[in-house]
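>>> following is a predicted model, sequence given first.
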Amino acid sequence: MNESDLDAEDFLELLWGDEECWVELPAKVNGYWVPYQLDWPPSRDTAVSLRIDQCLRDEEDLYYSVARFREKGRNIEHVLPTEWLWADLDTVHPTTATKMGLMPTIAVESSPGRYQALWRLTRRLKPRDTEKVNKGLTYALGADRGGWDLTQVLRIPDTRNFKYPGAPRVRMLWYKEENVYDPNEVWRMVKEVVPAAELVGATDVVLPSRPIPHSVERLLWSKDAVKGERSEVRWKIETSLAEVGCTEEEIYNMVVNSAWNSFAERGPTVGKRELTREVHKAVLEVKRKVREKKMEQAVKADSEGQDAPHGDGANRLPFIKYSSYMTMRIKEPKWLIQDFWVAGSHGVLGGEPKTGKTTLALAMALSVSSGKPFLGKYEVGEQGPVMFIQEENSQGMLQGWMRKLSVYQGIVDEQDVRVRRAGAGALSKTALEVDMPTDVPLHMLDNWGFDLSVDEHWNLLQGYIEEIDPVLVILDPLDFIFGPIDINSSAQIQPIVRRIRKLSHAYNCAVMVIHHMHKQSQNTTGRRAGQRLAGSFAIHSFVDSGLYATRLPPLVDGWSRISIEPEFRQVEPQKAIEIAWHFGQGTDVEFKVGAPQDDVGDKILEAMGSHRKRISLQDARDAAGVHAQTIARHVRKDARLRLAQSGRGNTTYIYRVSSNGTS
């Protein structure tokens with residue numbers, strides 16, 4: 001079959017087959033990547049053609065990833081098994097492989113004098129094996145050593161290379177469908193060429209093994225560890241060891257008996273668990289940095305050619321043309337929790353004192369992690385892992401709330417809960433004991449001393465997020481989580497909120513920060529609820545999703561009642577929601593959720609009818625369904641009504657005010 005027999009669409013269909021997956025067709029604009037994920041096979045027959053035509057029209061360099069993915073996004077952990085090997089040959093001609101008996105199945109000239117090639121296999125390889133054989137093949141051929149990895153992108157035949165004057169065509173030199181290879185035979189031919197230290201895939205090590213730096217060895221042997229510096233130095237040791245190729249087991253064995261292992265003070269079981277977890281996060285953090293550096297190098301290398309490029313991408317901003325931006329597949333906003341929080345958004349759950357901010361956040365965390373409706377009413381749009389970091393409430397209080405809410409929301413069956421009499425001195429008459437429930441992906445960090453302004457904690461958090469891939473991260477409260485900063489200082493707040501934005505955007509997860517609000521007063525009249533957040537205006541300005549709780553008088557003794565005013569940047573304005581709740585003994589929990597109460601004045605006038613001029617306070621309470629103090633507060637603001645006492649016993653009445661101002 002000659003080159004004219006396989007156009008760009010046919011080539012991609014051959015490569016990706018007909019199984020359902022995600023594929024990647026990114027473009028490069030001024031040296032910057034613009035991702036484009038496609039659900040394969042596409043729902044529209046013209047989807048690929050339109051993508052190619054758009055990039056050709058806008059003179060954007062178009063690429064494809066050989067690998068297919070389980071989930072949207074070009075992430076190495078989602079790569080599916082493949083029956084193809086590939087190499088970015090650079091200046092090595094594809095016929096060079098013929099000398100080894102490995103003539104490529106497909107050979108492509110990506111620009112004059114530069115080549116790419118693919119080899120079809122007799123069977124699919126797991127990602128780790130694909131990576132290993134691909135790397136061996138690249139080394140054996142003397143090809144570009146940066147072009148063998150699982151998420152590598154290559155140019156599509158029958159498109160254009162806009163890096164060079166005249167935008168030369170990306171040409172398919174040949175497609176020889178009869179050239180299919182046994183992966184074991186390929187490996188046998190190439191493995192001798194590659195140094196043993198290089199054969200382990202990027203998913204297994206961070207860098208080729210190198211000697212441990214003398215500075216790290218001295219720290220490991222040191223017996224003088226200052227208590228306040230142990231965690232910082234330990235993290236430096238762990239990441240330094242990961243950078244030179246040490247495994248997690250090797251790092252643990254070197255650190256566990258060092259003077260820097262403060263985890264040992266927590267006992268053998270807890271100490272081992274905490275150190276193991278930290279070592280794992282240190283390795284993940286190093287891998288993350290290596291991947292970022294590799295991508296930067298790839299972008300730089302691809303924008304540098306031996307010939308003068310068509311439009312130098314150096315020192316240019318990644319502007320995207322109108323037509324490209326209009327057709328980019330940007331994720332549409334959807335609810336994380338209906339009417340309460342947008343998926344992937346960052347913002348604040350704010351509230352006046354004693355408005356149950358942590359209780360609500362915990363109920364939301366339980367709903368998102370379990371998929372159960374929030375408060376039994378509001379559907380979860382995206383179920384998944386949740387991370388809850390709190391530094392304010394006691395463990396006993398938080399666990400008590402969690403047990404009650406889990407029963408209320410149906411996560412834990414009441415049969416799995418035993419109510420017993422609390423011990424002497426307890427604050428409650430009863431206590432709950434729970435048999436091991438069905439687990440939900442809710443991860444708690446409770447009064448650990450977490451501080452988002454500390455680089456070590458920031459790195460640990462990113463490592464844990466990479467590990468569990470949460471859909472929601474909750475930080476409670478801002479005052480403690482953000483460390484010793486002045487929340488009234490925009491200069492001190494801005495670096496922290498930038499970190500919050502980075503978490504949300506880089507890891508595609510929602511981030512909720514719990515914070516305090518000022519009470520309503522004469523000074524706050526006319527302000528939106530979000531403008532009453534304590535501290536700098538920078539806190540409110542960064543909000544994508546916001547919930548603002550104002551305390552209301554209870555309708556029934558023993559209940560708490562608030563009004564929630566939602567605020568969203570991506571969704572049309574929502575009405576306020578009233579929530580009332582009561583935590584009783586044992587598993588006794590009740591919530592009432594709805595729109596704000598109808599105007600109290602209207603209800604009173606309706607009860608009075610068209611003829612009565614007054615109504616007793618007791619009758620008014622019955623009609624409006626609220627407490628006397630609530631009645632009085634509303635009547636004072638209502639020009640149609642007047643509150644007065646008359647008759648024996650000074651009975652309190654509410655009078656209708658006529659149009660001329662008389663009762």
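Sure, I can see it.

>>> give me the distance between the helix or strand where residue 128 lies and the centre of its chain.
Element membership for residue 128, per DSSP states H and E: helix 127-141. Helix 127-141 has its C-alpha centroid displaced from the chain centroid by 32 Å (CA atoms, centre = their mean, to the nearest Å).

>>> kindly report the same for stretch 173-189.
Stretch 173-189 has its C-alpha centroid displaced from the chain centroid by 41 Å (CA atoms, centre = their mean).

>>> repeat for stretch 14-34
Taking CA atoms, centre = their mean, the mean C-alpha location of stretch 14-34 is offset from the chain mean by 23 Å.

>>> isn't residue 340 up against residue 377?
No: with contact taken as CB atoms under 8 Å, residue 340 and residue 377 are classed as non-touching, separated by 10.3 Å. Heads up, the C-betas are built off the backbone N, CA and C, glycines and all.

>>> which of these two has more neighbours?
Comparing residue 340 with residue 377 by neighbour count (other CB atoms under 10 Å), the higher total belongs to residue 340, at 22 against 12.

>>> list the contacts for that one?
Shown here is residue 340, whose contacts under the criterion CB atoms under 8 Å, 6 or more residues apart in numbering are 364, 374, 378, 547, 566.

>>> now the strands: where do they sit in the stretch 251-400 of the chain?
In chain order, the stretch 251-400 of the chain shows strands spanning 335-337, 341-342, 346-351, 386-390, with DSSP state E, counting those that start in this stretch as the criterion.

>>> swap in the stretch 551-663 of the chain?
Along the stretch 551-663 of the chain, the stretches classed as strands by DSSP E, counting those that start in this stretch are 560-568, 577-583, 589-594, 614-616, 641-646, 651-656.

>>> with only the CA atoms kept, save the fifth one in PDB.
In PDB, the C-alpha atoms belonging to strand 641-646 read as follows (Å, rounded to 0.1, in the frame of the first residue of the first chain):
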ATOM      1  CA  LEU A 641     -48.300  47.000  61.000                       C
ATOM      2  CA  ARG A 642     -47.800  48.400  64.500                       C
ATOM      3  CA  LEU A 643     -47.000  46.600  67.800                       C
ATOM      4  CA  ALA A 644     -48.700  47.800  70.900                       C
ATOM      5  CA  GLN A 645     -50.100  46.700  74.300                       C
ATOM      6  CA  SER A 646     -53.600  47.400  75.600                       C
END
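
>>> how far off centre is that strand?
For strand 641-646, the gap between its own C-alpha mean and the chain's C-alpha mean amounts to 56 Å (CA atoms, centre = their mean).

>>> ditto for the shortest one
Relative to the mean C-alpha coordinate of its chain, strand 614-616 is positioned 56 Å out (CA atoms, centre = their mean).

>>> name the residues of that strand that are buried.
For strand 614-616, the buried set under the neighbour-count rule, 16 or more other CB atoms under 10 Å, comprises 614, 615.

>>> for the closest residue to residue 343 other than its chain neighbours, grab the count of nearby residues.
Closest residue to residue 343 apart from its sequence neighbours, by CB to CB, 6 or more residues apart in numbering: residue 336 at 4.1 Å. The burial metric for residue 336, expressed as a neighbour count using other CB under 10 Å, is 26.

>>> looks like residue 336 contacts residue 346 (just checking).
No: if you go by CB under 8 Å, residue 336 and residue 346 don't touch, sitting 11.4 Å apart.

>>> hey, what's in contact with both of those two?
Overlap between the contact sets of residue 336 and residue 346, as judged by CB under 8 Å, 6+ apart, is given by residue 510.

>>> neighbours of residue 19, how many?
Counted with other CB under 10 Å, residues neighbouring residue 19 total 9.

>>> list phi and psi for it.
With angles defined as degrees, to the nearest 10, residue 19 shows backbone torsions of phi -80, psi 150.

>>> and for residue 610?
Torsion angles, degrees, to the nearest 10, at residue 610: phi -90, psi -10.

>>> I'd like the distance between it and residue 658.
Residue 610 sits 13 Å away from residue 658, taking CB to CB, to the nearest Å as the criterion.

>>> between the two, who's got more neighbours?
Neighbours were counted for residue 610 and for residue 658 using other CB under 10 Å; residue 658 has more, 10 against 6.

>>> tell me the contacts of that one?
Remark: with contacts taken as CB under 8 Å, 6+ apart, residue 658 is in contact with nothing.

>>> ok, now how distant is it from residue 613?
9 Å.

>>> cool, residue 163 as well?
Distance from residue 163 to residue 613, by CB to CB: 87 Å.

>>> what is the neighbour count of the closest residue to residue 471 other than its chain neighbours?
Once its chain neighbours are removed from consideration, residue 471 has its nearest residue in residue 384; the separation is 3.6 Å (CB to CB, 6+ apart). The number of residues packed around residue 384, counting by other CB under 10 Å, is 18.

>>> could you do residue 223 as well?
Applying other CB under 10 Å, we find 6 other residues in the vicinity of residue 223.

>>> so it, which state does it fall into?
On the three-state scheme (DSSP: H, G, I helix; E, B strand; the rest coil), residue 223 is labelled coil.

>>> biggest strand in the protein, by residue count?
strand 114-125 (DSSP state E).

>>> the nearest residue to residue 235 once chain neighbours are set aside: which element?
Closest residue in space to residue 235, ignoring its immediate chain neighbours: residue 456 at 4.9 Å, by CB to CB, 6+ apart. Applying DSSP H and E as the criterion places residue 456 in helix 455-468.

>>> for that helix, the distance to its chain's centre please.
In this view, helix 455-468 has its centroid 12 Å away from the chain centroid, taken as CA atoms, centre = their mean.

>>> show residues contacting it.
Contact with helix 455-468 is made by 231-232, 235, 278, 280-282, 284-285, 288, 385, 387, 441, 443, 450-452, 473, 499, 503, 507, 509, as judged by CB under 8 Å, 6+ apart.
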